[in-house]
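Chemist: Need coordinates for the following:
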Amino acid sequence: MLSKNLGAISIVAGTSIGAGMLGLPMAIGSLGFVTGTLVLLFMWLIAMYVALLLLEINIEFGTGVNLNFMTRKILGRPGQLLGTGSVFFLFYCLLVAYLTGMGGIIANSTGLDARMGTMAFAGISALLLFSGTNSVVTANKYLFIAMLVGMVVSFATLGGQLNVANLAQGQPKAKVLIMSLPVLFTSFGYHPCIPSIVNYVGDDKKTLIRILAVGSTIPFICYFAWLTLALGSATPAQLATMDNVDILINQMSGGSSWVTTILSLFASLALITSFIGVSFALFDLVAETFRRKDDKVSRAGTTAIVFIPPLAASLLAPNGFIAALAHAGAAFTIIAVFIPCVMAWKMRSAGQNQAYRVFGGKAAIAVSFLCGLVIVSASYM
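Modeler: Predicted structure coming up:
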């Protein structure tokens, strides 16, 4: 049971710590350290609340269901189409960001063309996903541990060249702050994996709450440290002009090939663990939505549906890292905020969700919904 819980925590944290983390300095670097930290804390709290809200709904239905099924039961066909369509759009945008980021890192490390690196990474990942759930969860668990080790080494290396004076720089601007919200919220984008986690672990609410609490706190701590080191390694003006992971790594390394290697390894592991979590959830969603079987031929077809669209998009737009995250933020807000808020409101009004209810009542649901409106609006400012 402990192994399962650790595996589930690694899915939550690993799905979050990926493209979103690497994009944080580029999204909020110009705000400065204090403002950036405060808005990051606020997004973490909002993300945790709506995760518990989705868990509340999932516990009412039990194991073996996905968001597609839950939205159909509570919101009818229109809600199902909106929810499922948003999940697909979110997952594909995230996979585009991960493939683009990995392509840049591979190109930066090996000298290969970025598109070739993207294709190689996609092929290896497809084989892992095709191999089955246990292989995916086991691989992600060990990769996540390796990523944490790489993170500690990267942080220790960067800490030696931290310029504290940079932390006092930055001019907080309302427009930049608002425009950063989609990327920040997407950085805690583990919510679509919750039904898969409930199905994998079981429906014990205390265990699930601990998994979500620990799994989401790990990314917050890591994000805070990463933001501190990034702002200490580059000025806010420099961070504001970056649009891909390899550029960020080159800037933070300060020209040192040793530091570049360490950061590239950490960034690669961060992207891979996040990529695995998202592709794992998308695979389950595709299988359920299109009622695909679990034999080898069907799994191969499902794997192709998962990988071919984002691979094509990433090859056509190899520098679309931040843009993909911004679009993902809008879709993620629909999935993680609007739909759970409406579903929980409707279910509570009907006297359901008695086994577990998130604190705050309907007032907290309303505030979360308003925050969602701001995030979606910011995605297209």
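
Chemist: Residue 288 is in contact with residue 84, correct?
Modeler: No - in this structure residue 84 lies outside contact range of residue 288 using Cβ atoms under 8 Å: 9.4 Å. C-beta coordinates here come from the backbone N, C-alpha and C atoms, glycine included.

Chemist: Residues that sit against both of these two, list them.
Modeler: Common contacts of residue 84 and residue 288 (Cβ atoms under 8 Å, 6 or more residues apart in numbering): residue 68.

Chemist: Counting neighbours, go ahead and name the busier of the two.
Modeler: More crowded of residue 84 and residue 288, by other Cβ atoms under 10 Å: residue 84, with 20 against 17.

Chemist: Run through the residues that contact that one.
Modeler: 67-68, 71, 285, 289.

Chemist: Work out for me the element it sits within.
Modeler: helix 67-110 (DSSP states H and E).

Chemist: Give me the next element, helix or strand, following that helix.
Modeler: helix 114-130.

Chemist: Past that following helix, which element shows up next along the chain?
Modeler: helix 133-159.

Chemist: Quick one: mean pLDDT over that next one.
Modeler: Regarding helix 133-159, the rounded mean pLDDT is 81.

Chemist: any idea how far the helix or strand just after it is from the chain center?
Modeler: As assigned by DSSP H and E, the chain's next helix or strand after helix 133-159 is helix 164-167. Helix 164-167 sits 28 Å away from the centroid of its parent chain (Cα atoms, centre = their mean, to the nearest Å).

Chemist: can you check stretch 95-113 too?
Modeler: 18 Å.

Chemist: List every C-alpha atom in that stretch, with coordinates, as PDB.
Modeler: In PDB, the C-alpha atoms belonging to stretch 95-113 read as follows (Å, rounded to 0.1, in the frame of the first residue of the first chain):
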ATOM      1  CA  LEU A  95       2.200  17.500 -24.500                       C
ATOM      2  CA  VAL A  96       3.100  20.100 -27.200                       C
ATOM      3  CA  ALA A  97       4.900  22.100 -24.600                       C
ATOM      4  CA  TYR A  98       6.800  19.100 -23.200                       C
ATOM      5  CA  LEU A  99       7.800  17.800 -26.600                       C
ATOM      6  CA  THR A 100       8.900  21.300 -27.700                       C
ATOM      7  CA  GLY A 101      10.900  21.700 -24.400                       C
ATOM      8  CA  MET A 102      12.600  18.300 -24.700                       C
ATOM      9  CA  GLY A 103      13.400  19.000 -28.400                       C
ATOM     10  CA  GLY A 104      15.200  22.200 -27.400                       C
ATOM     11  CA  ILE A 105      17.100  20.500 -24.600                       C
ATOM     12  CA  ILE A 106      18.200  17.500 -26.700                       C
ATOM     13  CA  ALA A 107      19.300  19.900 -29.500                       C
ATOM     14  CA  ASN A 108      21.200  22.000 -27.000                       C
ATOM     15  CA  SER A 109      23.000  19.000 -25.500                       C
ATOM     16  CA  THR A 110      23.700  16.900 -28.500                       C
ATOM     17  CA  GLY A 111      23.800  19.300 -31.500                       C
ATOM     18  CA  LEU A 112      20.900  17.500 -33.200                       C
ATOM     19  CA  ASP A 113      18.100  19.300 -34.800                       C
END
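
Chemist: Name the residues of that stretch that come out as buried.
Modeler: 95-109 (16 or more other Cβ atoms under 10 Å).

Chemist: ok, of the residues you listed, which one's closest to residue 337?
Modeler: Proximity to residue 337 was ranked across the buried residues of stretch 95-113 by Cβ to Cβ; first place goes to residue 97, at 19.9 Å.

Chemist: If I look at that closest one, what pLDDT would I see?
Modeler: With respect to pLDDT, residue 97 has a value of 82.

Chemist: any chance you could map the helices in the stretch 251-381 of the chain?
Modeler: Secondary structure of the stretch 251-381 of the chain (DSSP state H, counting those that start in this stretch): helices located at 257-289, 296-316, 321-333, 339-349, 361-378.

Chemist: what's the burial count for residue 349?
Modeler: Residue 349 is flanked by 9 other residues according to other Cβ under 10 Å.

Chemist: Would you mind measuring from it to residue 366?
Modeler: From residue 349 across to residue 366, the span is 13 Å (Cβ to Cβ, to the nearest Å).

Chemist: cool, residue 131 as well?
Modeler: Distance, residue 131 to residue 366, by Cβ to Cβ: 44 Å.

Chemist: What of residue 246?
Modeler: Using Cβ to Cβ, we find residue 246 at a distance of 42 Å from residue 366.

Chemist: same thing with residue 284?
Modeler: 31 Å.

Chemist: neighbouring contacts of stretch 7-18?
Modeler: Residues contacting stretch 7-18 (Cβ under 8 Å, 6+ apart): 98, 137-138, 140-141, 143-145, 147, 187-190, 193, 196-197, 200-201, 211-212, 214-216, 218-219, 222-223, 270-271, 273-278, 280-281.

Chemist: residues contacting the nearest residue to residue 53 once chain neighbours are set aside?
Modeler: With sequence-adjacent residues excluded and distances taken as Cβ to Cβ, 6 or more residues apart in numbering, residue 53 is closest to residue 340, at 4.5 Å. Residue 340 makes contact with 50, 53-54, 57, according to Cβ under 8 Å, 6+ apart.

Chemist: Could you report the distance from the closest residue to residue 345 other than its chain neighbours to residue 338?
Modeler: For residue 345, ignoring the flanking residues on the chain, the nearest one in space by Cβ to Cβ, 6+ apart is residue 365 at 5.6 Å. Residue 365 sits 11 Å away from residue 338, going by Cβ to Cβ.
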